[in-house]
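Build me a structure from this.
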Amino acid sequence: RPPFIMAKPTFSTSSQEWLALLLAGLCLVLQLFSVSASALERKEYIVYMGEHLKGVTSAESVHFSMMEQVVGSAASEHLLHSYKRSFSGFVARLTDEEMKTMSRMEGVVSVFPNRHRKFHTTRSWDFMGFPIVSERTPLESDIIVGMLDTGIWPESQSFDDQGFGPPPAKWKGICQSPANFTCNNKVIGARYYNLRGLAQPGEILSPRDSEGHGTHTASTAAGRTVAGANLGGLAEGTARGGVPSARIAVYKICWEFGCTDADILAAFDDAIADGVDVLSLSLGASAYFRPDFSSDPIAIGAFHAVDKGIVVVCSAGNDGPDPATVVNAAPWILTVAATTIDRDFESDVVLGGGGANNNSSSAAIKGEAINFSNLGNSPIHPLISGFSARANRTTSEASARNCEPDALDGNKIKGKVVLCEHPNGSSKREKMDALKSYGAVGMILVNDREKAVASSYVSFPATLVSSKGAEDIRRYINSTKDPVATIVPTITVTKYKPAPAVAYFSSRGPSAETRNIL
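Numbers count the residues shown, from 1 in each chain. From the prediction side, this is the model:
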């Protein structure tokens with residue numbers, strides 16, 4: 001055999017096993033490369049340093065010096081923001097290793113990622129016993145309520161400054177007012193924050209509210225009295241905030257997709273130094289991804305605010321009704337749950353002849369929703385359950401009962417009122433949109449949990465009934481050859497009992513961080 005011709009090697013291991021080993025080796029190399037790349041990737045971190053640095057002429061210079069020690073000549077590029085008015089800290093882009101080094105430096109309390117937070121959201125004050133007081137007292141007019149939210153719509157009647165004098169002398173804030181925004185003697189200050197560039201194209205880069213959440217919360221806290229407020233004739237009365245005579249300072253920290261920790265802390269830093277008396281936040285972390293107090297921007301900011309005599313009020317969260325879901329529960333925060341009041345919005349279901357108990361006259365089943373139904377009060381519209389309208393025999397019975405969009409036969413529900421379960425699956429809005437697209441004329445939704453808070457459907461005839469009411473409706477459908485029904489327009493009912501009750505969506509205690517707080 002010529003020396004340059006190699007004999008075919010023989011191995012006891014099969015070629016398939018060698019291929020498997022080769023692939024495993026490649027995967028390991030790729031994993032190591034991925035881990036290495038991840039370690040070098042820069043992420044945004046908040047470096048929290050506690051109290052404002054005493055005896056230091058420039059907190060920014062201290063922060064810059066720390067960055068130089070950790071990242072070298074790239075310090076100015078990766079130092080994004082300094083907190084310097086009310087407490088000390090900064091936002092920086094750091095690798096994993098740089099973050100660990102920074103956390104060990106003298107004076108650093110904690111280092112944590114810049115995460116996102118989410119929003120939490122007229123007769124209430126009557127129900128709580130607050131009298132309508134139109135005149136302003138000097139004491140109330142000196143109260144400044146700081147709102148950390150999505151901004152404000154200053155032209156709303158709730159924020160008119162007629163009769164208000166100039167801002168109190170203690171006020172040290174500003175009105176960050178581009179061309180489309182103006183403060184007045186009611187809304188005395190406004191700022192907006194977009195450190196991470198969370199604002200989407202088309203959003204308003206000013207303190208102006210484009211979401212509605214901030215305007216709602218500001219009017220609830222300190223909106224002035226507005227007579228004749230209503231929604232299409234519902235809930236007509238005088239709208240007002242808890243302290244109508246108070247001034248408002250706005251800190252826009254939230255955008256379409258939420259709020260960042262960096263912006264939240266920046267707003268606290270300014271609001272404390274601006275001279276507010278109360279801070280209100282209706283936002284927070286998810287109950288299932290809660291940070292500890294040392295890495296929670298709301299707990300940190302509130303701690304420094306309370307230390308300066310400022311009351312901080314926060315929402316408990318909307319992750320109920322499971323226990324131990326409350327957020328914003330640091331001992332120094334006044335945490336507020338969501339409850340019902342003694343006003344209800346009734347939109348009943350009226351069944352046709354035969355009724356729920358085979359009576360000759362029609363029967364009404366209590367429903368709750370906000371809608372402006374055009375079906376009329378007479379039960380003349382064909383009624384069908386989602387189960388009876390399932391697309392075919394292979395369709396899940398549960399999906400059909402729930403009126404899942406792909407589980408229904410449009411020909412069976414066109415022109416009819418449809419009874420739908422709602423234990424899980426698609427949202428109420430998705431069910432409604434699906435039924436509308438199939439030509440249904442109304443929706444009856446079965447849901448015990450959500451009945452305490454009226455859902456809004458506006459122009460589409462829809463209402464929520466209890467499981468007991470649903471049993472009566474099913475009994476009627478099953479005992480009648482041609483069942484018919486209608487959904488009547490909503491009416492306002494006051495002095496509703498029982499009230500108050502904790503809303504189904506409101507987060508519950510005890511606090512996972514401090515178990516002694518229920």
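
any idea where the strands of the stretch 1-150 of the chain begin and end?
With DSSP state E, counting those that start in this stretch applied, the stretch 1-150 of the chain shows strands at 43-51, 79-83, 87-94, 110-113, 116-119, 144-149, listed in chain order.

Nearest approach to Phe64 belongs to which of the ones you listed?
For these, the distance to Phe64 is smallest for strand 79-83, at 6.0 Å, taking Cβ to Cβ. Just so you know, the C-beta spots here come from the backbone N, C-alpha and C atoms, and that holds for glycine as well.

any idea how the chain splits into domains?
Domain assignment of the chain by automatic domain parsing yields the ranges 41-114, 118-336, 343-494.

So which of the ones you listed is nearest Pro500?
In terms of Cβ to Cβ, the element of the domains of the chain nearest to Pro500 is domain 118-336, at 7.5 Å.

all strands in the stretch 151-300 of the chain, in order from the N-terminus.
Under DSSP E, counting those that start in this stretch, the stretch 151-300 of the chain gives strands at 187-192, 226-231, 234-239, 247-252, 254-255, 258-260, 278-281, 283-284.

Let me have the ones you listed in a markdown table, extended by distance to Gln176.
Shown next, in a markdown table, are these (distance: least, Cβ to Cβ, whole Å):
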| stretch | distance to Gln176 |
| --- | --- |
| strand 187-192 | 5 |
| strand 226-231 | 26 |
| strand 234-239 | 27 |
| strand 247-252 | 9 |
| strand 254-255 | 16 |
| strand 258-260 | 17 |
| strand 278-281 | 18 |
| strand 283-284 | 20 |
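
The nearest residue to Val446 once chain neighbours are set aside: neighbouring residues, count only.
Of all residues not flanking Val446 in the chain, Ala470 sits nearest, at 4.2 Å (Cβ to Cβ, 6 or more residues apart in numbering). Residues lying near Ala470 (other Cβ atoms under 10 Å) number 22.

Show me what the helix or strand hosting Ala470 packs onto, helices and strands only.
Using DSSP states H and E, the element containing Ala470 is helix 467-479. When contacts are defined as 3 or more Cβ pairs under 8 Å, 6 or more residues apart in numbering; DSSP states H and E, helix 467-479 packs onto strand 349-351, strand 363-365, strand 381-385, strand 417-421, strand 442-446.

re earlier: out of the strands of the stretch 1-150 of the chain, which gets nearest to His422?
strand 116-119 (22.7 Å).

same question for the closest one, mean pLDDT?
Taken as a whole, strand 116-119 carries a mean pLDDT of 82.

List the buried residues in that strand.
Judged by neighbour count (16 or more other Cβ atoms under 10 Å), strand 116-119 contains these buried residues: Arg117, Phe119.

just checking, what packs against it?
Secondary elements touching strand 116-119 (3+ Cβ pairs under 8 Å, 6+ apart): strand 258-260, helix 261-274, strand 283-284.

circling back to that earlier point, turn the helices and strands packed on helix 467-479 into TSV, columns for distance to Val278, mean neighbour count and mean pLDDT.
TSV is the format used below for those (distance: least, Cβ to Cβ, whole Å; neighbours: other Cβ atoms under 10 Å; pLDDT from 0 to 100):
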stretch	distance to Val278	mean neighbour count	mean pLDDT
strand 349-351	44	25	94
strand 363-365	44	20	87
strand 381-385	51	20	95
strand 417-421	43	26	94
strand 442-446	39	26	93
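
Nearest to the middle of the chain, which residue? Look it up for me.
Phe119 (2.7 Å; Cα atoms, centre = their mean).

For Gly212, see how far away that one is.
Phe119 sits 10 Å away from Gly212, going by Cβ to Cβ, to the nearest Å.

pretty sure Leu231 is touching Phe345, no?
No. Counting by Cβ atoms under 8 Å, Leu231 sits too far from Phe345 to count as a contact (9.4 Å).

quick one on the thing from earlier: now the helix holding Ala470, how far from the centre of its chain.
Taking Cα atoms, centre = their mean, to the nearest Å, one finds helix 467-479 lying 35 Å from the centre of the chain it belongs to.

Would you tell me what the next helix or strand after that helix is?
Downstream of helix 467-479, the next assigned helix or strand under DSSP H and E is strand 484-487.

Give me the contact list for that following strand.
347-352, 367, 371, 373, 375-383, 417, 442, 444, 461-463, 473 (Cβ atoms under 8 Å, 6 or more residues apart in numbering).

Could you do stretch 68-79 as well?
42, 63-64, 67, 90-94, 98, 101-102, 105.

those helices in the stretch 301-450 of the chain, which residues are they?
Applying DSSP state H, counting those that start in this stretch to the stretch 301-450 of the chain gives helices spanning 397-401, 410-413, 428-438.

I'd like to know which of the ones you listed lies nearest to Phe268.
When the helices of the stretch 301-450 of the chain are compared by Cβ to Cβ, helix 428-438 sits nearest Phe268, at 34.5 Å.

between the closest one and strand 442-446, how big is the angle?
Going by axes from the mean of the first three to the mean of the last three Cα atoms, to 10 degrees, helix 428-438 is angled at 150 degrees with respect to strand 442-446.

Helix 428-438 to strand 417-421, inter-axis angle?
Counting by the same axes, to 10 degrees, helix 428-438 lies at 150 degrees to strand 417-421.

helices and strands around helix 428-438, which ones?
Counting contacts by 3+ Cβ pairs under 8 Å, 6+ apart, helix 428-438 packs against helix 410-413, strand 417-421, strand 442-446.

Swap in 7 Å and give it another go.
Contacts defined by 3 or more Cβ pairs under 7 Å, 6 or more residues apart in numbering; DSSP states H and E place helix 428-438 against helix 410-413, strand 442-446.

For the first one, list every residue counted as buried.
Which is helix 410-413. Lys412, Ile413.

Can you tell me which of the helices of the stretch 301-450 of the chain is nearest to Trp332?
For the helices of the stretch 301-450 of the chain, proximity to Trp332 was assessed by Cβ to Cβ; helix 428-438 is nearest, at 37.4 Å.

Return the residues in contact with the residue nearest to the centre of the chain.
The contact partners of Phe119, by Cβ atoms under 7 Å, 6 or more residues apart in numbering, come to His213, Cys254, Ser282, Leu283.

Quick check: the third one touching Ala218?
In other words, Ser282. No. Ser282 is beyond contact range of Ala218, at 10.1 Å (criterion: Cβ atoms under 7 Å).

Looking at the contacts of Phe119, state which has the most neighbours.
Compared across those, Cys254 has the highest neighbour count, 30 neighbours, by other Cβ under 10 Å.

Distance-wise, check that one relative to Leu148.
Counting by Cβ to Cβ - Cys254 and Leu148 are separated by 8 Å.

Next, the contact list for the residue nearest to Ala75 when sequence neighbours are not counted, please.
Among residues not flanking Ala75 along the chain, Met67 sits closest, at 3.8 Å (Cβ to Cβ, 6+ apart). Residues near Met67 by Cβ under 7 Å, 6+ apart: Ala75, His78, Leu79, Ala92.
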